[in-house]
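S.K.: sharing a sequence plus its predicted fold:
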Amino acid sequence: MKKIIIIILLLILPGSLAIPSLYTQKTKQKTNVYVKNIKFTCEVASSRKEWELGLMFRKTIKTNEGMLFIFPEEQYLSFWMKNTYLPLAIIFIDSNKKVIDVFYPEPLSTKQVTSSKPSKYVLEILSNVSSEINIKPGDEILF
């Protein structure tokens, strides 16, 4: 009986360890995003799969890194921090590349934050960096 359990564990365990690595793969496309003349190198999330994954399961990113979500049209958008360990600022941006809202949700929270107006883009960067440079509604984002 012990041998059967050990064999089952040996078959299941490697696969379950690989699952998080599937989720932490970085997107291939990157772009430079400028906020208040500060350059961020951002991964681009432009597909449903990339939108759903976002920065989930990541343990670290550099202070000048982030993710830019690009949607096909302006719409009310909701984000959450499920499986997201990093303290992030979620910055909703309209089609004119002006900041609409900035939220600082708790890591791992399943509480949604929703844009107050239709948004076409969302920028996620580390929350302490966003606070330091004082990103606020009306600020222009260049990319």
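M.R.: That came in fine, so what should we check first?
S.K.: state the mean pLDDT of stretch 121-129.
M.R.: If you average the pLDDT over stretch 121-129, you get 98.
S.K.: how distant is that stretch from the center of its chain?
M.R.: Going by Cα atoms, centre = their mean, to the nearest Å, the spacing between the C-alpha centre of stretch 121-129 and its chain's C-alpha centre is 8 Å.
S.K.: surely residue 31 forms part of a helix?
M.R.: No - if the criterion is DSSP: H, G, I helix; E, B strand; the rest coil, then residue 31 is strand and not within a helix.
S.K.: burial count for it?
M.R.: Neighbour count of residue 31, defined by other Cβ atoms under 10 Å: 12. To be clear about C-beta, it is placed using only N, CA and C from the backbone, and glycine gets the same treatment.
S.K.: over to residue 132?
M.R.: Neighbour number of residue 132 under other Cβ under 10 Å is 11.
S.K.: before we move on, which element is it in?
M.R.: Secondary structure assigned from DSSP states H and E places residue 132 in helix 127-133.
S.K.: got the buried residues for that helix?
M.R.: 127, 129, 130 (16 or more other Cβ atoms under 10 Å).
S.K.: how about stretch 101-108?
M.R.: When neighbours are counted by 16+ other Cβ under 10 Å, the buried residues of stretch 101-108 are found to be 101, 102, 103, 105.
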